[in-house]
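> Below are the sequence and a predicted model; questions follow.
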Amino acid sequence: MDYTTLVDDKRLYAFIRLIDMIDANLPAGFEMTTDGNGIHYVVPLSAYPAGYHVSPGTPLPFLSVIAQKNHVALYHMGVYSDPGLLRWFEEAYAAQVPTKLNMGKSCVRFGNVKHIPYALIGELVSKMTPEERVAIYHGSHNPSTRG
């Protein structure tokens with residue numbers, strides 16, 4: 001299935017440009033998948049056989065790009081799980097983008113596609129390798145590390 005056929009015309013160019021920026025900057029080792037909900041980048045089972053604890057046999061999620069009704073959303077598990085990366089992104093966004101950051105725990109929402117900071121997103125996705133993603137994930141889901 002070509003997910004882009006589900007993206008409305010108003011957001012299609014921005015959506016494709018965002019995917020292209022991610023593809024150009026994402027460290028080697030991640031794998032792109034797609035479904036009816038969006039385009040996803042994962043740590044494949046060949047690199048991390050344990051996979052995602054919530055759904056055994058599923059690759060470890062890292063990024064997703066989803067076109068919602070009123071915005072394009074970038075879900076980045078690195079900013080969710082790495083406070084230093086989150087702080088860097090918030091500061092860089094504030095310095096480079098004229099609009100206020102619209103963000104949840106892992107989701108950056110771009111309501112106005114004219115203000116998507118493509119170069120900043122490229123830099124963001126370049127900052128975490130699959131190995132770093134696995135290390136952070138493994139540490140956060142290891143019962144011996146919980147308080």
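It's in. Numbering: from 1, shown residues only.
> residue boundaries of the helices in the chain?
Taking DSSP state H, the helices of the chain run over residues 9-25, 77-81, 83-96, 118-126, 130-140.
> quick one, which of these is packed in tightest?
Mean neighbour count, computed with mean count of other CB atoms under 10 Å, is highest for helix 77-81 among those, reaching a mean of 20. All C-beta spots, glycine's among them, are computed from the backbone N, C-alpha and C.
> quick one: contacts of that one?
Residues from elsewhere that reach helix 77-81 (CB atoms under 8 Å, 6 or more residues apart in numbering): 61-63, 85-86, 89, 105-106, 108, 124, 127-128, 132-133, 136-137, 140.
> Using CSV, write out every CA atom in that helix.
Below are the C-alpha coordinates for helix 77-81, written out as CSV (Å, rounded to 0.1, in the frame of the first residue of the first chain):
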residue,chain,number,x,y,z
MET,A,77,10.8,8.0,20.3
GLY,A,78,14.2,9.5,20.8
VAL,A,79,12.9,12.8,22.1
TYR,A,80,10.5,10.8,24.2
SER,A,81,13.2,8.7,25.8
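> Can you give me the buried ones in the longest strand along the chain?
Across the chain, the longest stretch assigned as strand under DSSP state E is strand 60-67. Within strand 60-67, the residues that count as buried by 16 or more other CB atoms under 10 Å are 60-67.
> between it and helix 118-126, how many degrees?
In terms of direction (axes from the mean of the first three to the mean of the last three CA atoms, to 10 degrees), strand 60-67 departs from helix 118-126 by 160 degrees.
> centre of the chain versus strand 60-67, how much separation?
Relative to its parent chain, strand 60-67 has a centroid offset of 5 Å by CA atoms, centre = their mean, to the nearest Å.
> Partner strands of it and their direction?
Paired neighbours of strand 60-67 in the sheet (DSSP bridges): strand 38-43 (antiparallel), strand 72-76 (antiparallel).
> hmm, who's touching that strand?
Applying CB under 8 Å, 6+ apart, the set of residues contacting strand 60-67 is 6-8, 11, 15, 18-19, 22, 26, 30, 37-43, 48, 51-52, 72-78, 125, 128, 130, 133-134, 137.
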